[in-house]
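Chemist: structure for the following, please:
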Amino acid sequence: MKQLTILVLTMALAACAGTPRMDAPVNTEWEARRQLLESLSQWEFTGSINVRDANEAQSSRIRWRQQDEAYRINLWGTFNVGATEINGRPGEVRIEQQGEEPIITESPEEMLYQQIGYELPVTELNYWIKGIPAPGASHALNFADNQQLLSFEQDGWRIDYLGYTNFGQETLPTRIRIQKDPLRLDLIRLSWTLPAAQIE
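Modeler: Got it, this is the predicted structure:
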């Protein structure tokens, strides 16, 4: 259970409520949408994350705040551990869990591999959660009629976007499934907050 908790701790997500929703599709051309989302450098979200492997499944609430290259992730919920906070920036990630000594690492991917024996695309998640592939090769991109990305594959992972909401010119996921056997991550009920300057 602790291993799954550490896995979730380093997953990068973001959201919060407060920005008006629009019902009409936006940025119908994929390339324009991709460039807009790639340029997002400040955001926040709250939601839930469910983590499943071959042996067990766990869930937690999550809040993610991103400020340029620095981020803060707070987790709480049903992992049978105390509140957890992760602060990260290039070259350093610090994880603090109630009742435990802080963990400081340069590479979250390396730490996760040592803890659970799996390679996890922590860096790529910063892109995937915004609704775009990370830089580098991606495959099997599948689009809706309005050119919203529905799914793709990258580095052996499959990413499915099961729900979207619109904020001005931005279109952001509200439900994402990320899977590569034996792991599956479901990010649900994502509620985003963006600075006003980024949604005009």
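Chemist: quick one: the residue of the chain positioned farthest from its centre from Ser60, how far?
Modeler: Largest separation from the mean C-alpha position in the chain: Gly99, at 26.0 Å (Cα atoms, centre = their mean). Using Cβ to Cβ, to the nearest Å, Gly99 is found at 17 Å from Ser60. The C-beta positions use only the backbone N, C-alpha and C, and glycine is treated the same way.
Chemist: ok, now Asp155?
Modeler: 24 Å.
Chemist: which of these two has more neighbours?
Modeler: Ser60 (21 against 14; other Cβ atoms under 10 Å).
Chemist: any residues touching the helix or strand hosting Arg177, and which ones?
Modeler: Using DSSP states H and E, Arg177 maps to strand 170-180. Contacts with strand 170-180, where a contact means Cβ atoms under 8 Å, 6 or more residues apart in numbering, come from 25-27, 33, 36-37, 40, 47, 125, 128-131, 148, 156-166, 184-192, 194, 198-199.
Chemist: and it, what's buried?
Modeler: Within strand 170-180, the residues scored as buried using 16 or more other Cβ atoms under 10 Å are Glu170, Thr171, Leu172, Pro173, Thr174, Arg175, Ile176, Arg177, Ile178, Lys180.
Chemist: stretch 179-197 too?
Modeler: Those would be Lys180, Leu183, Leu185, Asp186, Leu187, Leu190, Ser191, Trp192, Thr193, Leu194, for stretch 179-197 by 16+ other Cβ under 10 Å.
Chemist: one more: stretch 67-74?
Modeler: Quick answer for stretch 67-74 (16+ other Cβ under 10 Å): Tyr71, Arg72, Ile73.
Chemist: now do the contacts for the second one.
Modeler: The contact partners of Arg72, taken as Cβ under 8 Å, 6+ apart, are Trp64, Arg65, Glu85, Ile86, Asn87, Gly88.
Chemist: do that again at 7 Å, thanks
Modeler: Arg65, Glu85, Ile86, Asn87 (Cβ atoms under 7 Å, 6 or more residues apart in numbering).
Chemist: of these, which is the nearest to Glu110?
Modeler: Here the nearest of these to Glu110, counting by Cβ to Cβ, is Ile86; it sits at 15.4 Å.
Chemist: any idea what that closest one is bridged to?
Modeler: Here Ile86 sits in beta bridges with Ile73, Ile95, going by DSSP bridges.
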